[in-house]
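> Build me a structure from this.
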Amino acid sequence: MFLLRLLCCMCLVWINSPEITSSLTSDPLIVEIPNGKLRGRDNGTYYSYESVPYAEPPIGELRFEAPRAFSGQWTETFEASQPPVPCLQYNQFRAKLVGQEDCLTVSIYKPKSSSRNSFPVVVLLHGGAFMFGVAAANGHEYFMGAGNSILVKVNYRLGPLGFVTTGDRELPGNNGLKDQRLALQWIRHNIASFGGRPENIVVIGHSAGGASAHLQLLHEDFSGLARAAVSVSGNALDPWVLQEGGRRRAFELGRIVGCGLTENTAELKICLKSKSASEIVSAVSNFFVFSNVPFSTFGPVVEPADDPEAFLTQHPREIIKSGKFAQVPWVVSHTTEDGGYNAATLLEQNLTTGETWIEKLNDRWFDLAPDLLFYRNSKENIRDMDEMSRKLRQDYLGDRRFSEESYWDVQRMFTDILFKNSVPESLDLHRRYGRSPLYSYVYDNPPESGVGQVLSKRSDVYFGTVHADDFCLIFEHGRPRSALRPDEEMIAENFIKMLENFALSDEKEMMFGDCHFHNNVKSEKFQVLRITRNGCNNEEYDQFP
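Take a look at the predicted model:
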């Protein structure tokens, strides 16, 4: 009897020990971080913890300011079960105002697993030309279906709220990039509480998100936030990324919303802070010359060097040449017809007249080309601008007219100028001034119906492999899994596995299926992995084709 009582007492002591009590009563939906406890949601095969603030709301006096780390303390459990709202934006696809100003959150998605309790981490920076987009628009069902990595999506300020600048310390700009950086710091410091491995973080982005990943990497201490970066169809050297003429646009914005003709930046800032956020963001439509052109009117800039919170004080090209950037592996890519994203809208037909914008280019090419291809503010005078327009038309069309018959060459022009030409330039600079592995791929696998068809609202035109046709296989956007071909399903699996392994590889190697990426560092030829419907193969060339 004594022995039985002794055993019972030992069992009670064992059960009530702190470690055991925690394991028996722990709730995977409850996570504790320095701000307090938060509750997520069970989604069947994974847990989600959404809309978690990483910064103080950028409203009131904090509008147009660098982000401040979230310092709130939750006295009750924070409900992290609501999908993230878009940051306030004039959305290109809806042609209307969406979102809200208080939007600086991260959303974490964690696999369920009975065999492991820690995971590598993939951080997603969404695209949208720095003007629109939302983390939630990039679906995560494909990715979480693999069940091997934690995914974190980041919201950051967009358009004038994120990037307006007067070129001085009053409105230096780049607050959207500073948001991203603060979010990366938050993830590094807190992801272990969600089961993530802080030392195994990969940052990926598409289009403006890809350019953002590259810009983040240009900070030397990015190596303390992530072990690698992946830039899909967007990098810091694309002509639409770094903006010139920001000061002029800032004062024009002020005039549009009723701040008068002031030339004083302090007065402009005070006035803009007094206006409603919706007034400021709605004013974006006044900067379009037609449709949504230019597609990015407020974006990254070189900030004044005397700003203590500056994110970017040199052109990215000069930063790379200095060698003072994070020496971590970087991947940069493009699709064979990336420019279809911008050119396809030229084929949209007027429902009344049947006329298309591509036909109007015959009379308005010199007027519209600088905005379509982003060199209006980089040329010193109109003569240089016109010479650039003339040369581009001659190089790509010769003596032919702009028409549906010449569309493919117009799309090729847009692909080269807006997305492709920057890839060999960035590869060349990084292989000359960098030390870490440098990889590249080109995606060449047209979908049955993709971005080109959606933007042109036409199904009778062949567009090839357009912007986002690869990225949507990783993070679905408008294409359900059931709509994928068998080869696309395999490619999707390989892309996701590629990211998982890249986050874990101590050798910093990268693979897609059975194909090893070849390193561009110390290589005299460009090393590019081509991904097609039939598989993948390594290509090398002296000059990009």
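
> buried ones in the lengthiest strand in the chain?
Ordering each strand of the chain by length in residues (DSSP state E) puts strand 196-206 first. By neighbour count on 16 or more other CB atoms under 10 Å, the buried set for strand 196-206 is 196-198, 200-206. Any C-beta I mention is one placed from the backbone N, CA and C, and that applies to glycine too.

> can I get these in TSV with distance to residue 370?
Below are those laid out as TSV (distance: CB to CB, whole Å):
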residue	distance to residue 370
196	45
197	47
198	45
200	44
201	39
202	37
203	33
204	32
205	27
206	26
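
> Check the residues you listed against residue 237 and report the nearest one.
Nearest to residue 237 out of these is residue 205 (CB to CB; 14.8 Å).

> show me what contacts that closest one?
124-127, 211-213, 230-232, 234 (CB atoms under 8 Å, 6 or more residues apart in numbering).

> now residue 142
473-476, 481, 492, 496.

> Show me which of the residues you listed are buried.
Those of the contacts of residue 142 that meet the buried threshold are 473-476, 492, 496, by 16+ other CB under 10 Å.

> Quick check: the farthest pair among these?
Spatially, the most separated pair among the buried ones among the contacts of residue 142 is 476 and 496, at 11.6 Å (CB to CB).

> sorry, back to before: please list the members of the buried ones among the contacts of residue 142 that lie in helices.
473-474, 492, 496 (DSSP state H).

> what would those look like in TSV with distance to residue 309 and pLDDT?
Below are those laid out as TSV (distance: CB to CB, whole Å; pLDDT from 0 to 100):
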residue	distance to residue 309	pLDDT
473	38	94
474	33	95
492	40	96
496	36	96
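
> List just the nearest of those to residue 281.
Using CB to CB, those come closest to residue 281 at residue 474, 29.2 Å.

> How about that closest one, nearest residue that isn't a chain neighbour?
Closest residue to residue 474 apart from its sequence neighbours, by CB to CB, 6 or more residues apart in numbering: residue 495 at 4.8 Å.

> May I have the predicted confidence score for the one you found?
Turning to residue 495, the model gives it a pLDDT of 97.

> OK, contacts around it?
Residues counted as contacts of residue 495 (CB under 8 Å, 6+ apart) are 470, 473-474, 512.

> will you turn these into CSV that also has distance to residue 147?
Listed next are these as CSV, based on distance: CB to CB, whole Å:
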residue, distance to residue 147
470, 22
473, 17
474, 15
512, 20
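
> Name the nearest residue to residue 184, ignoring sequence neighbours.
In space, residue 184 is closest to residue 225, 4.5 Å off (CB to CB, 6+ apart).

> Can you tell me the element residue 282 falls in?
Under the criterion of DSSP states H and E, residue 282 resides in helix 277-282.

> Enumerate the positions of that helix that are buried.
277, 280-282.

> Sort out which one of these lies nearest residue 508 for me.
For the buried residues of helix 277-282, the nearest to residue 508 is residue 281 (41.1 Å; CB to CB).

> Which stretches in the stretch 401-545 of the chain count as helices?
In the stretch 401-545 of the chain, the helices defined using DSSP state H, counting those that start in this stretch lie at 407-415, 422-433, 451-456, 471-474, 486-504.

> how about the CA coordinates for the first one, as PDB?
In other words, helix 407-415. Extracted C-alpha coordinates of helix 407-415, given in PDB (Å, rounded to 0.1, in the frame of the first residue of the first chain):
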ATOM      1  CA  TYR A 407       2.700  43.400 -81.300                       C
ATOM      2  CA  TRP A 408       5.200  40.600 -80.600                       C
ATOM      3  CA  ASP A 409       8.200  43.000 -81.300                       C
ATOM      4  CA  VAL A 410       6.600  45.700 -79.100                       C
ATOM      5  CA  GLN A 411       6.300  43.100 -76.300                       C
ATOM      6  CA  ARG A 412       9.900  42.100 -76.900                       C
ATOM      7  CA  MET A 413      10.900  45.800 -76.500                       C
ATOM      8  CA  PHE A 414       9.000  46.000 -73.200                       C
ATOM      9  CA  THR A 415      10.600  42.800 -72.000                       C
END
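
> list the helices and strands it packs on?
Applying 3 or more CB pairs under 8 Å, 6 or more residues apart in numbering; DSSP states H and E, one finds that helix 407-415 contacts helix 340-343, helix 357-372, helix 382-397.

> Show me the contact partners of it.
By CB under 8 Å, 6+ apart, helix 407-415 touches 334, 336-340, 342-344, 346-347, 358, 361, 372-373, 392, 395-397, 400, 402, 461, 463-464.

> Show me which of those residues are buried.
Buried among the contacts of helix 407-415 by 16+ other CB under 10 Å: 334, 336-340, 342-344, 346-347, 358, 361, 372-373, 392, 396-397, 402, 463-464.

> rewinding a little: and the residue nearest to residue 474, how far from residue 320?
Going from residue 495 to residue 320 by CB to CB, to the nearest Å gives 26 Å.

> Geometrically speaking, which residue is the centre of the chain?
residue 209 (1.3 Å; CA atoms, centre = their mean).

> That one touches residue 130, doesn't it?
No - here residue 209 does not reach residue 130: they are 9.5 Å apart, not a contact under CB atoms under 8 Å.

> Where does pLDDT dip in the stretch 351-500 of the chain?
Counting by pLDDT under 70, the stretch 351-500 of the chain has low-confidence residues at 351, 478.

> OK, contacts around the nearest residue to residue 194 once chain neighbours are set aside?
Spatial nearest neighbour of residue 194, chain neighbours left out: residue 108 (5.2 Å); criterion: CB to CB, 6+ apart. Applying CB under 8 Å, 6+ apart, we find residue 108 in contact with 40, 48-50, 52, 150-152, 191, 194, 196.

> Dig out what residue 108 forms beta bridges with.
Beta-bridge pairing of residue 108 under DSSP bridges involves residue 49, residue 152.

> going forward, begin numbering at 26 instead of 1
Right, with 26 as the first residue, what we last looked at is residue 133.

> Can you tell me how far it is from residue 56?
9 Å.

> Between those two, which contacts overlap?
65, 74, 219.

> quick one, domains of this protein?
Under the assignment automatic domain parsing, the domains of the chain span 57-353, 369-376+461-566.

> Now residue 65: phi and psi?
According to degrees, to the nearest 10, the main-chain angles of residue 65 amount to phi -100, psi -160.

> Report the secondary structure state of the closest residue to residue 320 other than its chain neighbours.
Leaving out its chain neighbours, the residue that sits closest to residue 320 by CB to CB, 6+ apart is residue 154, at 4.9 Å. Recorded secondary structure, residue 154: coil (DSSP: H, G, I helix; E, B strand; the rest coil).

> doesn't residue 323 make contact with residue 154?
No - assessed by CB under 8 Å, residue 154 is found out of contact with residue 323, at 9.5 Å.

> list the contacts for residue 107?
75-76.

> give me the number of residues near residue 79?
23 (other CB atoms under 10 Å).

> what's the least confident helix or strand in this protein, going by average pLDDT?
helix 43-50 (a mean of 36; mean pLDDT, DSSP states H and E).

> give the contact list for the closest residue in space to residue 341 that isn't next to it in sequence.
Using CB to CB, 6+ apart and skipping the chain neighbours, the partner closest in space to residue 341 is residue 261 (3.9 Å). Contacts for residue 261 were tallied using CB under 8 Å, 6+ apart; they are 236, 239-240, 243, 267, 341, 451.

> returning to that earlier point: which pLDDT does the model give the residue nearest to residue 209?
Value for residue 250, per-residue pLDDT: 98.

> Isn't it up against residue 226?
Yes - if you go by CB under 8 Å, residue 250 and residue 226 touch, sitting 7.0 Å apart.
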